[in-house]
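Participant: structure, please.
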Amino acid sequence: MAAVTAAGSRWPTDPTAPGVVFDELASAGAEHLDPSFVAGYDAKQRFDPAGDVEALRRLGLSPSSVVLDLGCGTGTFALAVAPHCARVIALDVSAPMLERLVERAGAQGVSNVEVVRGGFLTYVHTEDPVDVVYSRNALHQLPDFWKVLALTRVARVLRAGGLLWLRDLVYAFEPTEVGEVLGGWFDAAVDDPAEGYTAPELATHVRTEFSTFTWLLEPMLAHAGFDVVEVEIDRRRTYARFACVKR
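Facilitator: Numbers count the residues shown, from 1 in each chain. Predicted coordinates:
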């Protein structure tokens, strides 16, 4: 069955079909596809996954769990959680990111991480549902329409009662507070891009990427089939963590 547009062209009704689906690779940010940027990515991120791993263990992660890491980057979380579960499927659209992950896994002797190139809208899961889906700083690459479809696809991958652990750049404030909150965020940025994100880089994020107001994101999660059980907003109100259970 196909739909007819106003111009008379025929397109598949499936929004994830070729020619319709949003291009996640094109929206990933050119820097994430650049091997020289990827080489310094971990130092720039300054991310310690230990807190996430411990929280997931508190919420039910076990040695028999299968974890899907969506937008895994260079694998910082995947490698940290691997000793605490049976298997990690590490997924990203960036080949240089995945190549770096393979190098790191080999150097650390980690053998239960499976590396897959793909994204929220293109990954096809053909196995039993997983126990945990983890995603950090990736969902904001999608406009809101595609976020909802991505979250719906995530729900299909998870078993009933499974956990979605979502961390991302968000806007946890009202539209009237935009100038105040973003001004404070930019003022607190680092000067050296090797040590973190600069104010111009943050401005580029606001201008070209698709972070969502939290009061829009939470209904998206509900419509996709999740109950939000924990929310943590950072003090600058530009970052959040959501623990969600699939209904």
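Participant: next, the distance between the ends of stretch 174-183.
Facilitator: End-to-end distance of stretch 174-183 (C-alpha to C-alpha, to the nearest Å): 14 Å.
Participant: next up, the contacts around the residue nearest the centre of the chain.
Facilitator: Among the residues of the chain, the one closest to the centroid is Ala138, at 3.0 Å (C-alpha atoms, centre = their mean). For Ala138, the contacting residues are Leu70, Gly71, Phe120, Asp168, by C-beta atoms under 8 Å, 6 or more residues apart in numbering. From N, CA and C alone the C-beta is placed, and that goes for glycine too.
Participant: which stretches of this protein have low pLDDT?
Facilitator: For the chain, the stretches with pLDDT under 70 are 1-11.
Participant: tell me where it has strands.
Facilitator: 2-4, 10-12, 66-70, 87-92, 113-117, 130-136, 158-169, 226-233, 239-246 (DSSP state E).
Participant: need the contact list for Ser113.
Facilitator: For residue 113 the amino acid is Val, not Ser. The contact partners of Val113, by C-beta under 8 Å, 6+ apart, come to Gly75, Ala78, Leu79, Ala82, Arg87, Val88, Ala90, Leu101, Ala105.
Participant: identify the bridge partners of the fifth one.
Facilitator: By that I understand Arg87. Under DSSP bridges, the beta-bridge partners of Arg87 are Val66.
Participant: tell me how far it lies from Asp48.
Facilitator: Per C-beta to C-beta, to the nearest Å, Arg87 is found 23 Å from Asp48.
Participant: quick one: which of the two has more around it?
Facilitator: Legend: neighbour count by other C-beta atoms under 10 Å for Arg87 and Asp48, higher for Arg87 (17 against 10).
Participant: isn't Phe47 up against Thr76?
Facilitator: Yes - between Phe47 and Thr76 a contact is recorded at 5.6 Å, counting by C-beta atoms under 8 Å.
Participant: more neighbours: which of those two?
Facilitator: Thr76 (20 against 16).
Participant: so where do the helices sit in the chain?
Facilitator: Ranges of helices in the chain, per DSSP state H, are 24-27, 35-39, 41-45, 50-58, 76-81, 95-108, 144-157, 178-187, 199-208, 214-224.
Participant: and Ala17, which of these is closest to it?
Facilitator: Closest of the helices of the chain to Ala17 is helix 144-157, at 12.1 Å (criterion: C-beta to C-beta).
Participant: name the residues that touch the closest one?
Facilitator: Residues contacting helix 144-157 (C-beta under 8 Å, 6+ apart): 15-16, 22, 68, 70, 120-121, 123, 125, 129-130, 133, 135, 139, 142, 164, 210, 212, 216-217, 220-221, 223-226, 246.
Participant: show me what contacts Ser211?
Facilitator: Ser211 touches His140, Asp168, Leu169, Val170, Tyr171, His205, Thr238, counting by C-beta under 8 Å, 6+ apart.
Participant: ugh, typo on my part, it should be Gly40
Facilitator: Residues near Gly40 by C-beta under 8 Å, 6+ apart: Ala194.
Participant: what of the one 4 residues further on?
Facilitator: The neighbourhood of Lys44, defined by C-beta under 8 Å, 6+ apart, consists of Pro193, Ala194, Glu195, Gly196, Tyr197.
Participant: show me which residues of stretch 160-172 are buried.
Facilitator: Gly162, Leu163, Leu164, Trp165, Leu166, Arg167, Asp168, Leu169, Val170, Tyr171, Ala172 (16 or more other C-beta atoms under 10 Å).
Participant: will you turn those into TSV that also has distance to Ser111?
Facilitator: Listed next are these as TSV, based on distance: C-beta to C-beta, whole Å:
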residue	distance to Ser111
Gly162	24
Leu163	24
Leu164	26
Trp165	23
Leu166	27
Arg167	26
Asp168	30
Leu169	33
Val170	35
Tyr171	40
Ala172	39
